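*Asks:* coords below, sequence missing:
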């Protein structure tokens, strides 16, 4: 049974991530773990701030205890709202909510080792105050996990059209094979995109032909589009015009399509596209 890990911080983005997890769980009968991590540094701040020692050990312990109580209340709130999208989950699937305290990325990485897919919102708790910034944990999560990572948008919408940004690299090959071997996705309209950079249309056309051969071998019909211009604007414009609901892309590599949070291309793509992006390493 596939295993999905959802990283939650209680923000609107992470609650919408649960909507996508519920959709996938119903589609694939996957088991889902929703993980909320209370940062251990939250309990260290009072000790750092009390440089004069005026508080003393007893008031400090009381303060930490109160903070832990608040975190427990927050975790219960997140659990209640995170589980709502799963109310009609198939009986064959399992659903767990886990609350841990620790170094956030270390806990996520530990749970991700046994997951087949990690889902994370592209922004976090401070999204309303930092509208142009991606979530502070997003880059670290995508770098740390070795399974596909679904970066979700602010608002959930049903997945009716999928676009694969394909450049022929290793990570894009993984994405292509993922789509080819998940028969439950075959009923969804698929678009395969590549971008011709520096006028090398023959190279781009060869990539599309490669993808078409691989998909036809497993009887998958798709629309193939050779785009030109700047990668971010070309892909973003197509996603909007074709009403794409999910963009699939490689997360790492040397070409501009595969850059993620190392260079600027995919960072801008995540900012500009108001749809989920499924990243493969």
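*Replies:* Good, I have the coordinates. Note that the coordinates shown come from a computational prediction; the quantities given were computed from them, not determined experimentally. Numbering: from 1, shown residues only.

*Asks:* Now do the strands in this structure.
*Replies:* Assigned strands in the chain, in chain order: 3-8, 31-39, 95-102, 117-121, 149-152, 161-165, 189-196, 223-228, 246-250, 277-280 (criterion: DSSP state E).

*Asks:* Packing partners of the longest one?
*Replies:* Helices and strands touching strand 31-39, by 3 or more C-beta pairs under 8 Å, 6 or more residues apart in numbering; DSSP states H and E, are strand 3-8, helix 12-28, helix 57-82, strand 95-102, helix 104-112. To be clear about C-beta, it is placed using only N, CA and C from the backbone, and glycine gets the same treatment.

*Asks:* again, only this time at 6 Å
*Replies:* strand 3-8, helix 57-82, strand 95-102, helix 104-112 (3 or more C-beta pairs under 6 Å, 6 or more residues apart in numbering; DSSP states H and E).

*Asks:* so it versus strand 3-8, what angle?
*Replies:* Counting by axes from the mean of the first three to the mean of the last three C-alpha atoms, to 10 degrees, strand 31-39 lies at 30 degrees to strand 3-8.

*Asks:* Just name the shakiest helix or strand of the protein by mean pLDDT.
*Replies:* Every helix and strand of the chain was ranked by mean pLDDT, DSSP states H and E. The lowest is helix 45-49, at a mean of 52.

*Asks:* quick one, domains of the protein?
*Replies:* For the chain, automatic domain parsing gives the domain ranges 3-43+72-152, 161-280.

*Asks:* want to throw those into CSV with mean pLDDT, mean neighbour count and distance to residue 66?
*Replies:* Shown next, in CSV, are the domains of the chain (pLDDT from 0 to 100; neighbours: other C-beta atoms under 10 Å; distance: least, C-beta to C-beta, whole Å):
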stretch, mean pLDDT, mean neighbour count, distance to residue 66
domain 3-43+72-152, 85, 18, 11
domain 161-280, 83, 18, 36
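
*Asks:* Now the strands of the chain in JSON lines, please, with extra columns for distance to residue 21.
*Replies:* Formatted as JSON lines, the strands of the chain follow (distance: least, C-beta to C-beta, whole Å):
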{"stretch": "strand 3-8", "distance to residue 21": "5"}
{"stretch": "strand 31-39", "distance to residue 21": "5"}
{"stretch": "strand 95-102", "distance to residue 21": "9"}
{"stretch": "strand 117-121", "distance to residue 21": "5"}
{"stretch": "strand 149-152", "distance to residue 21": "8"}
{"stretch": "strand 161-165", "distance to residue 21": "17"}
{"stretch": "strand 189-196", "distance to residue 21": "21"}
{"stretch": "strand 223-228", "distance to residue 21": "27"}
{"stretch": "strand 246-250", "distance to residue 21": "14"}
{"stretch": "strand 277-280", "distance to residue 21": "13"}
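
*Asks:* what's the closest of those strands to residue 177?
*Replies:* Set against residue 177 and scored by C-beta to C-beta, the strands of the chain come closest in strand 277-280, at 9.3 Å.
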